[in-house]
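Undergrad: the sequence isn't on hand, but the structure is:
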Ligand SMILES: C[S@@+](CC[C@H](N)C(=O)[O-])C[C@H]1O[C@@H](n2cnc3c(N)ncnc32)[C@H](O)[C@@H]1O
């Protein structure tokens, strides 16, 4: 794994396809050809080992930027359909740079997000403040395994496979219990994840490199799932980012260890954590029968979980 910081220009980049399955995680390693950190790339100097995707929210935001209005409308339609009360307060674990924290308030909701990365949280809060939304949105630092709130929320959402960062049954159940305890009874938890493909080879896509550009900053990102450990139900992904900001380039590569989901496990662990599955939807927001054979071939799916409130 390596990191490079130089004055050279970024080579022309590959296709512009942002893969929504982009689960991303937190194991980092880097060595550098420079001892100067990344001054000029971010507003501060980062130590070499800090050059990771989740320590660079500005670049994460560019690489993973997307219009979430369709998703928000879908979430709202689920709140209306599966909750017998009006949803007002939303919780978002693994909120990252805050795309949902900035958008839900525009639809009249209150939202609190949390994330393991203090840099993500700081960045999200800055953007919330800039947008004048601090009365409706905020981000705090917290770990999905244990984070609980005294305040009760009506619904929670977790997007783009972020739940995959919890690798073990114990961590996942602990998370579900913590969310269950932070929600009102009958509240919803909407989880977007992709299960393992029946044919794991089908998961390997030929081109998982995409390019994004914003405010003169150019980013090339590559997401490469390269090893599937079916025994321990883990998926290993190499993530590489190359960027150019203010005439300087940087590059790093890191490994993400993510849960390899199987529907039966997901169902059982959600149940153990206090939830029952009410519905499942695909990326076109079409329902998928909950008793059907669900595999990764169906793509990333939205699981609508209802809080049974048993864990309190
Ligand atoms: C793929 S990003 C998703 C960010 C955001 N939800 C979005 O849709 O753009 C995954 C996020 O999960 C966070 N994360 C990873 N492990 C976590 C944990 N144990 N607890 C809380 N957040 C975690 C990372 O810091 C990162 O911001």
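TA: Good, I have the coordinates. None of these values were measured; they are calculated from a predicted model.
Undergrad: wait, doesn't residue 154 sit right on residue 83?
TA: Yes - look at residue 154 against residue 83 with CB atoms under 8 Å: they come within range, at 6.8 Å. Using the backbone N, CA and C atoms, a C-beta is placed for each residue, glycine as well.
Undergrad: mutual contacts of those two, please.
TA: 187, 188 (CB atoms under 8 Å, 6 or more residues apart in numbering).
Undergrad: could you count how many residues lie near residue 111?
TA: For residue 111, the count of nearby residues is 28 (other CB atoms under 10 Å).
Undergrad: doesn't it fall inside a strand?
TA: Yes - looking at residue 111 with DSSP: H, G, I helix; E, B strand; the rest coil, it is inside a strand.
Undergrad: that one bridge partners, please.
TA: On the basis of DSSP bridges, residue 111 is bridged to residue 90, residue 137.
Undergrad: how far away is it from residue 100?
TA: 7 Å (CB to CB, to the nearest Å).
Undergrad: shared neighbours, these two?
TA: 90, 92.
Undergrad: mind checking the SS state of the residue lying closest to residue 296 once chain neighbours are set aside?
TA: Distances taken as CB to CB, 6 or more residues apart in numbering put residue 197 closest to residue 296, at 3.6 Å, once the chain neighbours are dropped. What three-state DSSP gives for residue 197 is coil.
Undergrad: can you tell me the residue of the stretch 51-200 of the chain closest to the ligand?
TA: residue 96 (2.4 Å; CB to the nearest ligand atom).
Undergrad: which SS state does that residue fall under?
TA: On the basis of three-state DSSP, residue 96 is classed as coil.
Undergrad: which residues touch the closest residue to it other than its chain neighbours?
TA: Nearest non-adjacent residue to residue 96, counting by CB to CB, 6+ apart: residue 120, 5.3 Å away. Contacts for residue 120 (CB under 8 Å, 6+ apart) come out as 54, 57, 60, 95, 96, 97, 98, 139.
Undergrad: all the strands of the stretch 201-312 of the chain, residue numbers only.
TA: 209-214, 217-229, 234-245, 248-259, 275-281, 287-288, 301-307 (DSSP state E, counting those that start in this stretch).
Undergrad: switch those over to CSV; also include mean pLDDT, mean neighbour count and distance to residue 90.
TA: Supplementary listing: the strands of the stretch 201-312 of the chain in CSV, determined by pLDDT from 0 to 100; neighbours: other CB atoms under 10 Å; distance: least, CB to CB, whole Å:
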stretch, mean pLDDT, mean neighbour count, distance to residue 90
strand 209-214, 94, 17, 26
strand 217-229, 92, 18, 27
strand 234-245, 93, 20, 28
strand 248-259, 92, 21, 24
strand 275-281, 98, 19, 16
strand 287-288, 98, 13, 22
strand 301-307, 98, 24, 13
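Undergrad: let me have the ones you listed in a markdown table, adding distance to the ligand as columns.
TA: Output for the strands of the stretch 201-312 of the chain, formatted as a markdown table (distance: least, CB to the nearest ligand atom, whole Å):
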| stretch | distance to the ligand |
| --- | --- |
| strand 209-214 | 13 |
| strand 217-229 | 10 |
| strand 234-245 | 10 |
| strand 248-259 | 9 |
| strand 275-281 | 17 |
| strand 287-288 | 21 |
| strand 301-307 | 13 |
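Undergrad: let me have the ones you listed in JSON lines, extended by distance to residue 105.
TA: JSON lines is the format used below for the strands of the stretch 201-312 of the chain (distance: least, CB to CB, whole Å):
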{"stretch": "strand 209-214", "distance to residue 105": "22"}
{"stretch": "strand 217-229", "distance to residue 105": "26"}
{"stretch": "strand 234-245", "distance to residue 105": "29"}
{"stretch": "strand 248-259", "distance to residue 105": "30"}
{"stretch": "strand 275-281", "distance to residue 105": "24"}
{"stretch": "strand 287-288", "distance to residue 105": "28"}
{"stretch": "strand 301-307", "distance to residue 105": "21"}
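Undergrad: and those strands: which comes nearest residue 193?
TA: Closest approach to residue 193 among these is made by strand 301-307 (7.1 Å; CB to CB).
Undergrad: ok, residues contacting the closest one?
TA: Contacts of strand 301-307 (CB under 8 Å, 6+ apart): 74, 78, 82, 179-180, 183-195, 266, 270, 274-283, 285, 288, 294.
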